[in-house]
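Q: 3D, please:
(chains A, B and C)
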Amino acid sequence: MNSPERLGRRAAACRLIPIVSVLVPGLAPGLLLVALTLPLLALTRPLLAAPSDAPPAVTGITAADRWGDGGTAVVLEWTVAAGAVPEFFMIERAMSEAEVAGDLATARLERRRAAQRTAMQAVLADRGLDDSILARPMAIEPGLASRLRSVRAEAAAGIDALPDDAFDVARWMFVDRVEADAAQTEYRFVVDRLVRGESYRFRVIPWTGTAAGTPAEAAPVTTTLEPVDISRLWFFGIALVFCGAVVAFILIARSGRPLRVRRIAGLEAIDEAVGRATEMGRSVLFVPGIQDMNEMQTIAGITVLSRVAKTAAEYDARVEVPTARSLVMTTARETVQAAFLAAGRPDAYNEDLIYYVTDEQFGYVAYLSGMMVREKPAACIYMGMFYAESLILAETGNSIGAIQVAGTAQPAQLPFFVAACDYTLIGEEFFAASAYLSGSAEELGSLKGQDVGKIIVAVVLVIGVVLATAGAMAGADSDLGRTLAAWVGFLRDTVLA
Amino acid sequence: MQRTVPLLIAIVCGFTMIVSFFIPAAQRSGDDVAEIFNILAAVAFVLGGGNLLKIHLKKVSDQAAGWGYSLITVTAFLLTLCVGLFKIGANPADRYPGHAWSGEYSETGSAFWWIYEFVFKPITATMFAMLAFYVASAAFRAFRAKNTEAVLLLGTAFIILLGRTYAGVILTDWLPDSLSGLRFENLTMTIMNVFNTAGSRAIMIGIALGTASVSLKILLGVDRSYLGGGRG
Amino acid sequence: MYEFFRDLDRRWIFLLMFLAVSVPILAQLQFPEKPTGLAESTFREIDDLPPGSRVLLAFDYDPASEGELGPMATSFVLHCAAKGHRMYFLALWPVGTRMIEQKIDSVLRADFPHLVYGQDYVNLGFKTGNEGVIKLIVSDFPRAFPADIQGTPVSDIPMMQGIRNLLDLDLIANVSAGYPGTKEWIQYAVTPNPSDIRIVAGCTGVQAPLMYPYIPSQLPGLLAAIKGAAEYEKLVMDRYGHLVHAEDGRVSGIYAEGRRRMGPQLIAHVLMVILIIAGNVIYFVGRRREARS
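A: Alright, predicted model coming up:
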């Protein structure tokens, strides 16, 4: 009935509408509707609560900073006397000065909007019009429009002139509602999404029906920064296993044990493409995508460029690399220069063939398309992060009869490359390119480690699916169903959070 | 030295980002590293602009093949830069009416706005619209029912193409309610919600693992290709 | 004949596509729309909020994708204005600010002149940093956007008072053409705060399949390409169209743009199907000929 998600959403809604702000006159009916859920009960407490049936106040209330987080949560604990357990508890937090100031401004804004509307309605009513005309500006005659502007400004000025105490702004805000259990006398609740280093005051109000008990306030607590965020321990563990597997396989590969990687046709085609360009006396166009060096796909593309440049240096072919980012240009220059050096042809390196065009997506595409049509490169290699330009480039390349090899981990663009290119490296194949191209033990080991990651994902997936399916089959009302649902929740919200 | 220092910078920055994720006290350092990248990328604009001018001015000066295009590029670049920098045609901001350059460079009516509205916007829209032509050409040429997988792909493409327009409704609206699941628009939703979602998730997981693996190789210094060629 | 089609110059296909798109535009061909579940849930997310709610409108697209995303952006603004929500515009794309200005001009200033800047809507402009900006506004909104697009400090803007972070807003409506876009908003804003931040999005057709894995828990509403825009537009206009009707009963064309663009889309899709079939017929005829020879 009150799932954590629902409670959280309600808390979020209530955070936006501080308790007493519903007293502000002229508030829109919709706001009232939302505000009427729980906070209004707090307002009407003095009227509804008869002292005789009000539950007794909670005792032993404490508020402590939660250990092992970024200073964003506080743990509240309290007890109630056995036999006097209320129906539920309302948790409230004292608002900070900044929050009160913010709510005051919001209340002032709401009042101003209402006053402006009322003033305009009065002017319109004098002329026998209703306010629906405000949504049809063409129907408002200039004289009336000017009058409306002036009354609107007057109304706003009137509200702006009011002192702060004319607005009844709340000092306590609703945090959450905790359901009580007749058999339980000790309660614990975590208030999260707080600001680190701030001092907070909380109070708990017991409720039974429409009767509220006396609020019990905990001593102020200051949220503090802890050295480690323990909520991320599971993630750390999974990352450790994955990274450990990669490192372990790299060590195994270094020890000399042979590791095999399946053939990737697209990468083998690159040598063929460069060879063909040499035969035809035409250039090779290499496009490293349109993202910067902080994108992993760009780095993977640069790895392939290294190989392309080395082959081109050996064959004495010309490689042209227009880039859409200046940092990519400098990196590509370094890479190609090093490749030419490694091939024993440092003299053949020409840095002017690696140049910046523009950051603008379609400006870059326009340049590349024009260049392809004019210079007709024999091979076009697209390796990196691509968006809508993928098909334009690949189709232009196709129209000039170039051999085309593409590689990207952008799923949306893969179909276009597959349709228009001769070979395409799909997703992981693209990332595996460096390992495949270098053939080094370390890189092959890292590929094998990656497979361990896939096994972990598959195992967790299967466990989750089996538990969720079994839970659904057992029924949400049965003990088994509840237990399984809790396990699934733990897996989803804690392990994979 | 030339490669050791960049390698160390990459390793230190990478591990700082990882550590900042698990240790809240270091979160600020992670943000700082990300901001350093943004600053570097912004400075690189100058590098890019300089390179663009150098390459194209050289072409113009050498009167190399296609030098006319280079001349247009340089002219357009300098013109847009000046119009934006000097806020030509922009009015002063309301708050600072006495300061001619206090306005927004791209406000409606300014020269930059004019370039944007009447040059940049139509050109980029045209480039994007060309996709419609290219996708038709690619579909005609490359979409072949060569094997079972390709047949499945073709069938799916037909359903989605028709189901995403009113054509789907026209063609299958006659189906009785008991078979409403077979109407094109409903089949489209099933394909998108079930098959597409499952496939997308699998690809996303694979790519995430690939990204993590490459990142790790860079952090460990196994992959140094980004520093210039092969392994270090 | 066979050789002609086998070696068909692609310019013939371009011509066919040109006709398939231009003829329905000139003939103003329009078809009825039947809203599907995702468009309806997008509509409900905005419509169920009480008037005066705070909606963040993040326009992360550019003129290139205006044709596909413009109509849904128009509908988002119209819907929020008609419901009386407070609108916070921002962009993570540099040219997104122009898109925002365009919608403010064509919808708010033209049809809702009684709405006051700074009180009912605010344009916070573009901020560089991609997903870094999203991460920052989740914890500290004014730090990322200390002033609006005109340089007015947020402390002087009435509707920015009380906005401490993204959690203080009720909904994000994102229009996205790529990176950064819906995926980043989901990953960096919604996923860490699943119960406090809600988002609906409109994206390009190419992006849409990648968004489905996030539906419905992380992304309750999605408008996919012009089809989604047309469905949502119909829902908004059916409910709030009367607010933007002029005295003579006419409605500005911008509020029918989504549905209008579905006409060319239908013909273009049918042409694609025909082209694929034709391509395969040629392929099989060719194979048979090869086998025979």
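Q: I'd say B:Arg201 and C:Pro213 touch.
A: Yes - at 5.0 Å, B:Arg201 and C:Pro213 qualify as touching, with contact defined as Cβ atoms under 8 Å. Backbone N, C-alpha and C define where each C-beta goes, glycine included.
Q: and those two? which has more neighbours close in?
A: C:Pro213 (18 against 13; other Cβ atoms under 10 Å in any protein chain shown).
Q: packing partners of the longest helix belonging to chain A?
A: With secondary structure taken from DSSP state H, chain A has its longest helix at helix A:441-474. The helices and strands touching helix A:441-474, judged by 3 or more Cβ pairs under 8 Å, 6 or more residues apart in numbering or on different chains; DSSP states H and E, are helix A:233-254, helix A:428-438, helix A:479-490, helix B:197-219.
Q: show the average pLDDT along that helix.
A: Helix A:441-474 carries an average pLDDT of 86.
Q: what residues sit buried inside it?
A: For helix A:441-474, a neighbour-count test (16 or more other Cβ atoms under 10 Å in any protein chain shown) marks A:441-450, A:452-453, A:457, A:464, A:467-468, A:470-471, A:474 as buried.
Q: swap in stretch A:144-160?
A: In stretch A:144-160, counting by 16+ other Cβ under 10 Å, buried: A:144, A:147-148, A:151-152, A:155-156, A:159.
Q: try stretch C:221-241
A: Buried, per 16+ other Cβ under 10 Å, within stretch C:221-241: C:221-237, C:240-241.
Q: now, which of the residues you listed lie within strands?
A: Counted as lying in strands by DSSP state E, out of the buried residues of stretch C:221-241, are C:221-224.
Q: as TSV, the residues you listed with distance to chain B and pLDDT would be great.
A: As requested, those are arranged in TSV below (distance: Cβ to the nearest Cβ, whole Å; pLDDT from 0 to 100):
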residue	distance to chain B	pLDDT
C:Gly221	14	93
C:Leu222	10	94
C:Leu223	13	94
C:Ala224	8	91
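Q: quick one: which two of those residues are the most distant?
A: Farthest pair in those (Cβ to Cβ) is C:Gly221 and C:Ala224. Separation: 10.8 Å.
Q: which neighbours do the two have in common?
A: Residues touching both C:Gly221 and C:Ala224 (Cβ atoms under 8 Å, 6 or more residues apart in numbering or on different chains) are C:Leu38.
Q: that older thread, by mean pLDDT, show me the worst of the helices and strands packed on helix A:441-474.
A: Ranked on mean pLDDT, the bottom entry among the helices and strands packed on helix A:441-474 is helix A:428-438, at a mean of 78.
Q: centre of the chain versus that helix, how much separation?
A: Helix A:428-438 sits 29 Å away from the centroid of its parent chain (Cα atoms, centre = their mean, to the nearest Å).
Q: the residue in the stretch 101-250 of chain C that chain B sits nearest to: neighbour count?
A: Distances between the stretch 101-250 of chain C and chain B by Cβ to the nearest Cβ are smallest at C:Tyr212, namely 4.4 Å. With neighbours defined by other Cβ under 10 Å, the count for C:Tyr212 comes to 21.
Q: any idea how far B:Met189 is from the residue nearest to it when sequence neighbours are not counted?
A: Using Cβ to Cβ, 6 or more residues apart in numbering or on different chains and skipping the chain neighbours, the partner closest in space to C:Tyr212 is B:Thr197 (4.4 Å). Relative to B:Met189, B:Thr197 is positioned 11 Å away (Cβ to Cβ, to the nearest Å).
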